[in-house]
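Enquirer: Fold the following.
(chains A and B)
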Amino acid sequence: MSPVLEVQGLVTSFPGDGDRVPVVDGIDLRIGSGEVLALVGESGCGKSVAALSCLRLVPRPGRIEAGRIAVDGRDILPLSVPEMRRVRGHEVSMIFQEPMTSLNPVTRVGDQVVEAIRLHERVSRAAARARTLELFRRVGIPDPEERLDAFPHQLSGGLKQRVVIAMALAAVPKLLIADEPTTALDVTIQAQILQLLRDLQREYRMAVWLITHDLGIVNELADRVAVMYAGRIVEEGSRLDVLAGAAHPYTRGLLRSMPARATPGERLAEIPGVVPPPDEWPAGCRFATRCERAFEPCSSEVPGPTDLSGSHRAWCHAVARERGA
Amino acid sequence: MPDPHVVSNAVVALLFGGGVAAGVFVRRNRLWREAAGELWRRRPLALLVVALYVLLALADSVAWVGGVEEGADVVATHEPRSLVDRAFSRIAEPQASYSAPFAEAEFYAPYRPLAHPGRHPLGTDILGRDVLHLTVKGARVALLIGGLTSLIAIPLALLLGVSAGYFGGRIDDAVFFVMSTLASMPGLLLLIALIMVMGRSTLSVCIALGVTSWVGFSRIARGETLKLRELDYVQAARALGVSEPRLLVRHLLPNLMHLVIITFVLMFSGLVLSEAILSWLGIGVAGSWGQMIDQARDELSREPVIWWNIAAAGTALFGLLLAVNFVGDALRDTLDPRTLRERR
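Expert: This is a model prediction of the structure:
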């Protein structure tokens, strides 16, 4: 069975000073049907651009330079604009970080979901409205009849995110891309939304591509994890492999800097430095400048994948040397 | 081509229907109802004044033939006369006398005695026409200029500004070139040239004013579109598979509507004023307050001073512009999303 999403060698670039700078630089991803993949990484590492590339919605002047993106076995890069429109929402749907701004402020939320349904299906307005009501119930919106006619500003952040999720589910997509779905919400609401996403994922048997920088969320939701740093995947594997047996120094650093894992009374560990901007990415391993285990080849040679166990792989010279020796 | 008065009656009917429809829409839609209530709380007087002007203009636009006294000439019996004309029918006929407000006698000796002594609350002008009547009739011309020109300029500005902001690239360059070219020409000279080319009529004045006044709003629309284009809900709509034309009509334009309304109101007063300046130069619209002022300015040098016709037209103009500006400011405060947030 072909995976819901298969990305091979995706390069997406933006213009820099002079040359175009690849913000996403040759990533490979595979999401099987009904699978939850978490893409983890710091801000600015190219997670969102990678996700937008898969809908061919990279904001101008960004551009997909190379690679293959297949949805359900079909390459989407050569598709025409109307064909692509049928993929969006119907096969791959996306929810964005900010529920506050993800809804049109001058249109009733019910009408927005109705629109999303009628974009991909020939159904009457009344039928779409009934389906919307059903969706609202399903995503746990209290008093759904009244909320249908509410405007976005009349809803709380959590309710808005539920509406956004209902909208994304309107055309029953095979893959839902959730770009930091809970970052903008209160902690208590975060837990509810995560629970909802998990329930819906099981119920609709839909694949979810979760983009986050919160490893706690990864632990709760993901089947597989890919860690991204500066435009490249640095480690990939099942949730347990990556969270419990992290190999790449970057992943280890991320895990160490989690407040939940810290020893009380001790200073929280951090990864020194910041992610360099895309036009200053080092030539070899991109993490070399911040890595405590860096040695000679790191600054000049791009590390290849090292198989660790099963599907667990890391792209690191230090890990390779450890294993090879 | 139907008679002008038939067209004008139809327009009034259309406006009336449109007004009722807009009223129903505002009542049904919570956002707009709240905005309307807020507006009324902020500037009730200015709204009433504007409403008065609008009513006068509408009353002057409804016209029909007949109702002229026996013995009037053939032309008069077949000339359609508006509601306002009929209201002033006793004193509206030019009477070749020149009188001060509420005068009992004519102002200058060579003229015949007044037919209606004391009946001219604002006196008559040098041609013997009742000044109050002329002033009231000016409301229609002013609203026509402001309304018709906005109807030309705002859609043009929206079309060019939104497409420039949304599609960017070549289209943006082209629109920006046109805008910069227009903005670099002295507006008044361009206006005069356009009116001279098209000939003098109400419509050509409105077109000329429209062509010279769309640039400002077009810039605003372009900037706002640039901002909205990148917003999450536009991205989200795209991610759901909404087509570009639909995105523009359903998700972008409705979010520009508050700007359209504010611009319309603020532009309106500028346009009426521009027409007054054109009248001063002798190329305005017949029957406007600008023209009244232009005709009356020579009278100011007489002894004793003939002040009432210029004062009447000036006050009417001032009253309309002041009220419209107050309403415009209140509208901006009510509809601007930033102040909206502070209020809640």
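
Enquirer: who in the stretch 101-250 of chain A is up against chain B?
Expert: A:101-107, A:115-116, A:119-120, A:151, A:153, A:164, A:167-168, A:170-171 (C-beta under 8 Å from any C-beta of the partner chain). (Each C-beta comes from the backbone N, C-alpha and C, glycine too.)

Enquirer: From those residues, which land in helices?
Expert: If you go by DSSP state H, these have A:115-116, A:119-120, A:164, A:167-168 in helices.

Enquirer: Using TSV, please lay out those together with pLDDT.
Expert: Formatted as TSV, these follow (pLDDT from 0 to 100):
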residue	pLDDT
A:E115	89
A:A116	88
A:L119	87
A:H120	85
A:V164	90
A:M167	89
A:A168	88
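
Enquirer: what about the helices in the stretch 101-250 of chain B?
Expert: Using DSSP state H, counting those that start in this stretch, the helices found in the stretch 101-250 of chain B span residues B:131-167, B:169-184, B:187-198, B:202-229, B:232-239, B:244-246.

Enquirer: right, and these - which one's nearest B:P304?
Expert: helix B:131-167 (16.2 Å; C-beta to C-beta).

Enquirer: Please list all residues in contact with residue 45.
Expert: Answering for chain A, as no chain was given. A:C45 makes contact with A:228-231, A:275, according to C-beta atoms under 8 Å, 6 or more residues apart in numbering or on different chains.

Enquirer: wrong one, I was asking about chain B
Expert: Contacts of B:L45 (C-beta under 8 Å, 6+ apart): B:A323.

Enquirer: need the residues of chain B near chain A, please.
Expert: B:30-31, B:168, B:230-233, B:235-243, B:250-251, B:254-255, B:257, B:337, B:344.

Enquirer: Show the pLDDT at residue 170.
Expert: You didn't pick a chain, so chain A it is. pLDDT for A:A170: 86.

Enquirer: hmm, I had chain B in mind actually
Expert: Reported pLDDT for B:R170: 91.

Enquirer: Quick check: it vs chain A, distance?
Expert: 13 Å (C-beta to the nearest C-beta, to the nearest Å).

Enquirer: count of neighbours near that residue?
Expert: 8 (other C-beta atoms under 10 Å in any protein chain shown).

Enquirer: now do B:W64
Expert: Neighbours of B:W64 under the rule other C-beta under 10 Å: 13.

Enquirer: Pick out the most distant pair among the ones in helices among the residues of the stretch 101-250 of chain A next to chain B.
Expert: The two members of those with the most space between them (C-beta to C-beta) are A:H120 and A:V164, at 17.0 Å.

Enquirer: just the buried members of the residues of the stretch 101-250 of chain A next to chain B?
Expert: A:101-107, A:115-116, A:119-120, A:151, A:164, A:167-168, A:170-171 (16 or more other C-beta atoms under 10 Å in any protein chain shown).

Enquirer: Give me the below-cutoff pLDDT ranges for the stretch 201-325 of chain A.
Expert: A:325 (pLDDT under 70).

Enquirer: middle-most residue in the chain, spatially?
Expert: This is for chain A. A:I211 (2.6 Å; C-alpha atoms, centre = their mean).

Enquirer: ah, no, chain B please
Expert: Centre-nearest of chain B using C-alpha atoms, centre = their mean is B:G146, 2.4 Å out.

Enquirer: In space, what's closest to that one - neighbours in sequence excluded?
Expert: B:F268 (4.1 Å; C-beta to C-beta, 6 or more residues apart in numbering or on different chains).

Enquirer: what helix or strand is that neighbour on?
Expert: Assigned by DSSP states H and E, B:F268 falls within helix B:257-280.

Enquirer: Also A:V7?
Expert: strand A:5-15.

Enquirer: In terms of pLDDT, where does B:T339 sit?
Expert: pLDDT, B:T339: 56.

Enquirer: For chain A, which segments count as strands?
Expert: A:5-15, A:20-31, A:36-40, A:63-71, A:74-75, A:92-95, A:175-179, A:207-212, A:224-229, A:232-238, A:305-309, A:312-315 (DSSP state E).

Enquirer: per-residue confidence averaged over the fourth one?
Expert: Read it as strand A:63-71. 88.

Enquirer: Pairing partners for that strand, with directions?
Expert: strand A:5-15 (antiparallel), strand A:74-75 (antiparallel) (DSSP bridges).

Enquirer: So which of those is the most surrounded?
Expert: strand A:5-15 (a mean of 19; mean count of other C-beta atoms under 10 Å in any protein chain shown).

Enquirer: list the contacts for A:C291?
Expert: A:C291 neighbours (C-beta under 8 Å, 6+ apart): A:249-250, A:285, A:298, A:318.

Enquirer: Repeat the analysis, applying 7 Å as the threshold.
Expert: A:249, A:298 (C-beta atoms under 7 Å, 6 or more residues apart in numbering or on different chains).

Enquirer: Could you give the number of residues near A:G62?
Expert: Neighbours of A:G62 (other C-beta under 10 Å): 18.

Enquirer: returning to what we had before: pretty sure the residue nearest to B:G146 contacts B:L148?
Expert: No. The criterion here is C-beta atoms under 7 Å, and B:F268 misses it with B:L148 at 10.9 Å.

Enquirer: who's more crowded, these two?
Expert: A direct count of neighbours by other C-beta under 10 Å for B:F268 and B:L148 places B:F268 higher, at 24 against 18.

Enquirer: Now do the SS call for B:T315.
Expert: helix (DSSP: H, G, I helix; E, B strand; the rest coil).

Enquirer: What of the one 4 residues further on?
Expert: Using three-state DSSP as the criterion, the local structure at B:G319 reads helix.

Enquirer: what sits against it?
Expert: B:V49.

Enquirer: how about 10 Å then?
Expert: Applying C-beta atoms under 10 Å, 6 or more residues apart in numbering or on different chains to B:G319 gives the contacts B:46, B:49-50, B:52-53, B:139.

Enquirer: quick one: the closest residue to B:E299 other than its chain neighbours and B:L317, what's the gap?
Expert: Excluding the flanking residues, the one nearest B:E299 by C-beta to C-beta, 6+ apart is B:I306, at 3.7 Å. Distance from B:I306 to B:L317, counting by C-beta to C-beta, to the nearest Å: 18 Å.

Enquirer: Have a look at these two and say which one is more surrounded.
Expert: B:L317 (24 against 21).

Enquirer: my guess is that one contacts B:G138, does it?
Expert: Yes. Look at B:L317 against B:G138 with C-beta atoms under 10 Å: they come within range, at 7.8 Å.

Enquirer: so what sits against both of those two?
Expert: B:288-290, B:292-293.

Enquirer: Run through the residues that contact the closest residue to A:S2 other than its chain neighbours.
Expert: Distances taken as C-beta to C-beta, 6+ apart put A:G73 closest to A:S2, at 3.7 Å, once the chain neighbours are dropped. Counting by C-beta under 10 Å, 6+ apart, A:G73 makes contact with A:1-4, A:6.

Enquirer: wait, B:F268 sits on B:L144?
Expert: No. At 11.4 Å, B:F268 does not count as touching B:L144 under the criterion of C-beta under 10 Å.

Enquirer: For the closest residue to B:L134 other than its chain neighbours, grab the count of nearby residues.
Expert: Closest residue in space to B:L134, ignoring its immediate chain neighbours: B:M292 at 6.1 Å, by C-beta to C-beta, 6+ apart. Per other C-beta under 10 Å, the neighbour tally for B:M292 reads 27.

Enquirer: Distance check, B:G161 against chain A.
Expert: Taking C-beta to the nearest C-beta, one finds B:G161 at 19 Å from chain A.

Enquirer: Find the nearest non-adjacent residue to that residue, please.
Expert: B:A221 (3.0 Å).

Enquirer: right, and the one you found touches B:A164 too?
Expert: Yes. Using C-beta under 10 Å, B:A221 is in contact with B:A164, at 8.4 Å.

Enquirer: With neighbour numbers in mind, choose between these two.
Expert: When B:A221 and B:A164 are compared for neighbours, B:A221 comes out ahead with 28 against 25, by other C-beta under 10 Å.

Enquirer: Show me what counts as buried in stretch B:223-236.
Expert: For stretch B:223-236, by 16+ other C-beta under 10 Å, it's B:224-226, B:228-229, B:231-236.
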